[in-house]
Structures are given as structure tokens and as C-alpha cells.
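Undergrad: model this:
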Amino acid sequence: MNTTQSLDMQLTKLGFWSAVTLIVTGVLSTFLPLDIPAGVSAEHTERIAWLSVNSGVFIAGWLVQIAAMAALTGLFFAMAWQISKQYPLRGILGAMVILTSFVAFIIPKFIAIWSIPLQTSAIVNGSINAELANNLLLLLNVSVPFSLFTSFDYLGFWLYAVFAIIASGPLFKGSLSAKVCAFALGSYGVLFHLVIVGVFVQVIPAEGIELYAMSAASPLFIVVIAALPTFKNWQGP
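TA: Next up, the predicted model:
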């Protein structure tokens, strides 16, 4: 077995086990909160009180999100590799977009497990940097769609949508499960770009961005399920 064949086998396994990891982390996410239950409607003081009491599960929830985003990056990177065999430019562009998206996603999630708990502690304990911490925590609200925190997340989802447009066409040349994966991926790419346009032309209000964005992202669940047989029996597009 030469190096290319070995790499092909490893990345095919990466795609399969990334899909498995996404299913596991998806189940775990239902039990771990990412913000105060009231979400965007919560008062700042209420969020501080909630974070001070629930910092452990808050950190755990975002650690699971890091694992999920790493797994989705692995899944999409494996797709880019397989696509590159017959469509090298698309494969290279897709891989570049996906690796960039991981950087966009990892920044806010590291902030969630590092900066936000420290800021909350500084505020609650009245440390010398409490005022600075309070101002920063307002900027890093994890539920407000235009906060510094969520802006990185939406950047990552947009890059996923760009990858979806790049990759969906070549995937249609594969097996039935690959075609299902391609259709779901392409649907996400189109829908998320429509959401972005809707926000830009002010058809979608700020308070509705999360609902529309998450609805547009729902086809990704089909992508993950379809990826299991796709990578289990991959023959190439």
C-alpha cells in the first residue's frame, strides 16, 4: 500500500468516525446548556448570576461544541479529499474553506470556556478588573446574534455554506447515499445564503436570525446520517 492509498483509507475512516462523533455529541448537547435558559431575553445581571452558579455545565456544554465542530470539520475535510481525486481545484478550495471555518468556530468556543467564566468570577468577586470584565461580558453575549461572540459563529456557518456550494455538485456523482448527502449539503448552502441576504435587506429582523439560521442548518443532520454509509462504502465520486 503506497502513501496515497494509506492516506485515502485514513481520511475515509476520518469521515466515518467524524459522523459517529457528531451523532454522539449531538445527543450530549441536549443535556448541556450553552446559556441561561431565558437566552437573549435574559437581563445581564441574571446571566451573571446564572453563569456564576452553572459555570461547570456551561464549560462542559461548550467543550462538547468544540468536539462537534472538530468532528464536522473532519467530515467535511474528508469529503474535500475524496472530491479532489476528480475535481482537484474544488477539493483544494473546499479544504481551505473548511480549515478557515474551524478557526472561526474555535475562537468563540475557546472564549466560552476560558474568558467568560473568568469574567464572571471577576464580576462576582468584585476584583480590580470587574468593570472591564463586565464590559467584555456584554460584548461576548452568546445569544445576541450581533455580539462579537456570535459573529464568529455565523462566520463559521457561512463558510460551511460556501463549502456546501463547492462540494455538493461532485458528490452527486457518487453512490445513492452520497447523492442524499449532496442534496442535503447543497440545500444548506442555498438556504443559509438566503438567510444572509434576508438579514442584509432587513427582511429577517435581528431577533429572528437564530431561528432562520438554525432552520437553514437543519439539512446538516441529514448530511451526517447520510455520511455514515457514504464513507463506510466509499468508492469515490
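Undergrad: which ones are touching the most centrally placed residue in the chain?
TA: With distances taken as Cα atoms, centre = their mean, the residue of the chain nearest its centroid is Met69 (4.8 Å). Met69 sits next to Phe102, Phe105, Ile106, Lys109, Gly156 when contact means Cβ atoms under 8 Å, 6 or more residues apart in numbering. Backbone N, C-alpha and C define where each C-beta goes, glycine included.
Undergrad: Equivalent analysis for Tyr188, please.
TA: Tyr160, Ala161, Ala164, Ala216, Ala217, Pro219, Leu220, Val223 are the contacts of Tyr188 under Cβ under 8 Å, 6+ apart.
Undergrad: Three-state assignment for it, please.
TA: Secondary structure assignment for Tyr188 (DSSP: H, G, I helix; E, B strand; the rest coil): helix.
Undergrad: how many other residues sit next to the closest residue in space to it that isn't next to it in sequence?
TA: Nearest non-adjacent residue to Tyr188, counting by Cβ to Cβ, 6 or more residues apart in numbering: Pro219, 4.3 Å away. Using other Cβ atoms under 10 Å, Pro219 has 21 other residues around it.
Undergrad: okay but Pro219 is in contact with Gly189, surely?
TA: No - Pro219 is beyond contact range of Gly189, at 9.0 Å (criterion: Cβ atoms under 8 Å).
Undergrad: just to revisit the earlier point, columns distance to Met96 and pLDDT on top of the contacts of Tyr188, output as a markdown table?
TA: Output for those, formatted as a markdown table (distance: Cβ to Cβ, whole Å; pLDDT from 0 to 100):
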| residue | distance to Met96 | pLDDT |
| --- | --- | --- |
| Tyr160 | 13 | 96 |
| Ala161 | 15 | 96 |
| Ala164 | 15 | 95 |
| Ala216 | 23 | 94 |
| Ala217 | 21 | 93 |
| Pro219 | 23 | 93 |
| Leu220 | 20 | 93 |
| Val223 | 20 | 93 |
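Undergrad: In a markdown table, list the residues you listed along with secondary structure.
TA: Listed next are the contacts of Tyr188 as a markdown table, based on three-state DSSP:
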| residue | secondary structure |
| --- | --- |
| Tyr160 | helix |
| Ala161 | helix |
| Ala164 | helix |
| Ala216 | helix |
| Ala217 | coil |
| Pro219 | helix |
| Leu220 | helix |
| Val223 | helix |
